[in-house]
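Student: missing the sequence, but the structure's below:
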Ligand code: F6R
């Protein structure tokens, strides 16, 4: 596990964009796993800027989003589908057929639908680089606390904390969704490489538990300790409760010296 500490949100976004851009330049037909949420807005802005400057080509890349609210059609302004198109896809040259986002409008046969999403990930050759945010409760995707660490794409009931966190995005008279379709923790752990971004003080406790705490279904992101190639990219406030910061810094310096490929 690599822990990269940056001063602020801006530096986290810049570094994440550089890492993703490097991966796409190395492998133009990269399959990316993508997340939504406020943490990702700045990252997508940076990637769009690189594309518009002519230095990043998405024409052969494919994407799979982690999750979508159940009951929201793609056209709903709060759907993750809408978020992805507004913040990212409509500004880059990705082929529409290479974009995959769970369909929040499915009404029955949820298991079959979720199995088909898993099947399309497999058919694409698996996810090369999975980008993650983290919830205040340690969720990744919408894998709420007590999710099975072996879970696959499925229907998930959202926790009260997540519903409250997301309520700000919905109108006063609108009820925010209670359920979502999300890739499972097992699905996420199959990605070849994982990059988790966390910024701001509200994430500090979840970040510390995920990196330094025990592996537990109470903190879904702690399952990332089982993955051989995970990078946590954190700003100062999100890293505030880590106890081994000096060690992470030395690991980073040695990695840059001995295996610089891991950082590009
Ligand atoms: C969204 C997702 C979630 C978010 C997490 C953090 O696709 O997978 O796990 O990454 O809830 O959200 P923000 O960035 O809004 O704090």
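Tutor: Happy to help now that I have it. Remember, predicted model here, so these are calculated numbers, not experimental data. Numbering: from 1, shown residues only.

Student: Show me the helices in the stretch 51-200 of the chain, by range?
Tutor: 80-87, 110-123, 160-167, 185-189 (DSSP state H, counting those that start in this stretch).

Student: From the chain's centroid, how far away is the shortest one?
Tutor: Once both centres are worked out by CA atoms, centre = their mean, to the nearest Å, helix 185-189 turns out to sit 12 Å from its chain's centre.

Student: That one close to the ligand?
Tutor: No - with CB under 6 Å from any ligand atom as the criterion, the ligand is not reached by helix 185-189; the gap is at least 9.6 Å. For glycine as for every other residue, the C-beta is placed from the backbone atoms N, C-alpha and C.

Student: what's the most buried one of the helices of the stretch 51-200 of the chain?
Tutor: helix 185-189 (a mean of 22; mean count of other CB atoms under 10 Å).

Student: And the average pLDDT for it is what?
Tutor: Averaging pLDDT along helix 185-189 yields 98.

Student: Same question for stretch 156-167.
Tutor: 92.

Student: cool, and stretch 232-246?
Tutor: Mean per-residue pLDDT for stretch 232-246: 98.

Student: now for it, what's the gap between its first and last residues?
Tutor: From its first residue to its last, stretch 232-246 covers 15 Å (CA to CA, to the nearest Å).

Student: Can you list the buried residues in that stretch?
Tutor: Buried positions in stretch 232-246, judged by neighbour count with 16 or more other CB atoms under 10 Å: 232-239, 241-242.

Student: Name the nearest of those relative to the ligand.
Tutor: The shortest approach to the ligand among these belongs to residue 238, at 10.3 Å (CB to the nearest ligand atom).

Student: Count the neighbours of residue 255 for me.
Tutor: 16 (other CB atoms under 10 Å).

Student: which residue sits closest to it, ignoring its sequence neighbours?
Tutor: In this structure, residue 255 finds its nearest non-sequential neighbour in residue 262, 5.5 Å apart by CB to CB, 6 or more residues apart in numbering.

Student: Against the ligand, how distant is the one you found?
Tutor: Here the criterion is CB to the nearest ligand atom, to the nearest Å. By it, residue 262 lies 23 Å from the ligand.

Student: what sits against that residue?
Tutor: Contact analysis of residue 262 by CB atoms under 8 Å, 6 or more residues apart in numbering lists 2, 229, 255.

Student: returning to that earlier point: closest one to residue 176 among the helices of the stretch 51-200 of the chain?
Tutor: helix 160-167 (4.8 Å; CB to CB).

Student: quick revisit: which of the buried residues of stretch 232-246 fall within helices?
Tutor: Among the buried residues of stretch 232-246, the residues falling in helices (DSSP state H) are 236-239.

Student: tell me the contacts of the residue of the stretch 51-200 of the chain found nearest the ligand?
Tutor: Per CB to the nearest ligand atom, residue 133 is where the stretch 51-200 of the chain lies closest to the ligand, at 2.4 Å. By CB under 8 Å, 6+ apart, the residues touching residue 133 are 35-37, 39-40, 140, 196-198.
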